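In: Here is a sequence together with a model predicted from it:
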Amino acid sequence: MIYILTHYWSELIQGLGYTLLSSIIALIFSTIIGTMFAIFEVLPNRAMRIIGRIYIEIFRNIPLLVIAMFFYVIIPMYVAKIDGFTAGTIGLTIYTSSFIAETVRAGIQSVDNGQMEGARANGMTYWQAMRFIVLPQAFKIVIPPLGNQFINLVKNSSVLAFVAGFDLMYQGNSIASLSLDTINSYMVVGVFYLIITLPLSYYMRHLEKRLA
Amino acid sequence: MQNFIQAYSWVNIRFLLEGLWVTVEVSIISIIASFIIGSILGVLRYVKIKYLSAVVGFVVDIIRNLPLILIIFFTYFGLPHLGFKPGIIFAAILAMTIFESAMLAEIVRSGILAVDYGQMEGARANGMSYVQALWHIVFPQAIKKTIPTIVSQFISLIKDTSLATIIVLPELLNHAQIIYGQNSAYILPMFLMIAVMYFIICYALSVLSRILDKKLA
């Protein structure tokens, strides 16, 4: 393990950087998109609710790898040339957004309806009430599940290895085939993943206990 | 349009369905094995035997926090260096089982924690031993509570089976790649078709999970 660490340090750090970069970009955008579709789902407008439902159900029930490969293979053929990292991150964003939408929707629905009614009765518009009253309370509830989504995101970002995204898993693979020492290479990569995910998951457990 | 008609010839569809069958088979074997192992690990973590529970808990946490792809690589490319060479299907099932067992261990443990402690006390007060009370009273109630979660875990397992395409497991995605490898005009039709196939199976299961959730709650 020490040999792998010292000889392939720069590749590992680069891989870690790409993994984190992809996860953070995907987290930001999937939170935005997910929240948008979650709001669609609680709107009084029926058509919007159906659109939200369809988006969530479709992308929750298709494997992440198929979505990522779709962007890697199909989009360059018909639309625009994009590299593996972009394609993987877009796939990751779309896939995760459907899970976040489901989480945020549950959060919004767990906020008492009286909050919305009270805000409306005080002269706020629907959007104002949503933005200033309901969503802040909903986000407080969904922070632990969102944290778990981020852990999943870091783990799932390993699909970038399939689409030449230069992430940790990709580097681990090339190190394994260069050094011919598969066991130690994968163990080092595993340790790198655990450095990110394990503290996060313990922190989330702690947070869940405190908020419960 | 012509591409689509040609791509969806019966030969190709049958080839995809064969892949789908492997996907389902691997998923079912893995979920059954991991349900058994996961239950044991979950109970071991719950009962708090000195050292043992802590070790089990730590191992479960480590596996849960690793990407599944890494575990697949490890079982297929790593194990032969330790002197054990599994076949492709066995390596895939082994990797899925290791990963899912850890997931289910956590689910089962939280299910047991959700059972009211009075159940255990009542069983003990009626003369059952700790193990009897756990096995006959607490565990069945815990499983009943966790069934919807286990079904959704099964859904993600079916989706995750696609990752095993990297070790050339002949499952759905791999078969689609073989078909569009022969003719690049089939790429889009194949992607749409496998998306539909995955969607039908996973959506049906998610509806089932929701029904079970309502019924068992």
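Out: Okay, I see it.
In: Let me see the contact set for the spatially most central residue of chain B.
Out: Here the mean C-alpha position of chain B is nearest to the C-alpha of residue B:157 (C-alpha atoms, centre = their mean), at a distance of 3.7 Å. By C-beta atoms under 8 Å, 6 or more residues apart in numbering or on different chains, residue B:157 lies in contact with B:27, B:30, B:31, B:96, B:100. Any C-beta I mention is one placed from the backbone N, CA and C, and that applies to glycine too.
In: Secondary structure element holding residue B:46?
Out: Per DSSP states H and E, residue B:46 falls inside helix B:10-47.
In: same question, residue A:97
Out: helix A:84-110.
In: now residue A:163
Out: Counting by DSSP H and E, residue A:163 is part of no helix or strand.
In: cool, and residue B:106?
Out: Using DSSP H and E, residue B:106 falls within helix B:88-114.
In: tell me which residues of that helix are tucked away?
Out: Buried residues in helix B:88-114, counted by 16 or more other C-beta atoms under 10 Å in any protein chain shown: B:89, B:91-109, B:111-112.
In: Poorly predicted segments of chain A, please.
Out: A:212 (pLDDT under 70).
In: Could you do chain B as well?
Out: Ranges of chain B meeting pLDDT under 70: B:217.
In: what residues does it put near chain A?
Out: B:61-62, B:64-70, B:73-74, B:77-78, B:81-82, B:155, B:159-163, B:165-166, B:173, B:187-188, B:191, B:194-195, B:198-199, B:202-203, B:206 (C-beta under 8 Å from any C-beta of the partner chain).
In: Now intersect those residues with the helices, please.
Out: B:61-62, B:64, B:68-70, B:73, B:155, B:159-160, B:173, B:187-188, B:191, B:194-195, B:198-199, B:202-203, B:206 (DSSP state H).
In: Of the residues of chain B next to chain A, just the buried ones, PyMOL syntax please.
Out: Buried residues among the residues of chain B next to chain A (16+ other C-beta under 10 Å), as a PyMOL selection:
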select buried, chain B and resi 61+62+64+65+66+67+68+69+70+73+74+77+78+155+159+160+161+162+163+165+166+173+187+188+191+194+195+198+199+202+203+206
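In: longest single helix anywhere in chain A?
Out: The residue-count maximum for a helix in chain A (DSSP H) belongs to helix A:9-42.
In: what angle sits between the helix or strand just after that helix and helix A:84-110?
Out: Going down the chain from helix A:9-42, the next helix or strand is helix A:46-60, by DSSP H and E. Per axes from the mean of the first three to the mean of the last three C-alpha atoms, to 10 degrees, the angle that helix A:46-60 makes with helix A:84-110 is 130 degrees.
In: Does helix A:46-60 reach chain B?
Out: Yes: using C-beta under 8 Å from any C-beta, helix A:46-60 reaches chain B at A:57, A:58, A:60.
In: What of stretch A:201-212?
Out: Yes: contact of stretch A:201-212 with chain B (C-beta under 8 Å from any C-beta) involves A:201, A:202.
In: Show residues contacting that stretch.
Out: Counting by C-beta under 8 Å, 6+ apart, A:141, A:143, A:144, A:147, A:148, A:151, B:61, B:64, B:65 sit against stretch A:201-212.
In: Skip the chain neighbours and tell me the closest residue to the second one.
Out: Once its chain neighbours are removed from consideration, residue A:143 has its nearest residue in residue A:207; the separation is 6.9 Å (C-beta to C-beta, 6 or more residues apart in numbering or on different chains).
In: That neighbour: how many residues sit nearby?
Out: Residue A:207 has 13 neighbouring residues, counting by other C-beta atoms under 10 Å in any protein chain shown.
In: Give me the angle between the one helix or strand it maps to and helix A:9-42.
Out: Assigned by DSSP H and E, residue A:207 belongs to helix A:182-211. Relative orientation of helix A:182-211 and helix A:9-42, computed by the same axes, to 10 degrees: 40 degrees.
In: Buried residues, stretch A:187-199. List them.
Out: Residues of stretch A:187-199 classed as buried under the neighbour-count rule (16+ other C-beta under 10 Å) are A:187, A:188, A:189, A:190, A:192, A:193, A:196, A:197, A:198.
In: Excluding its own residues, what touches that stretch? List them.
Out: The contact list for stretch A:187-199 (C-beta under 8 Å, 6+ apart) reads A:1, A:4-5, A:12, A:15-16, A:19-20, A:151, A:154-155, A:158, A:168-169, A:171-172, A:175, B:61-62, B:65-67, B:70, B:74.
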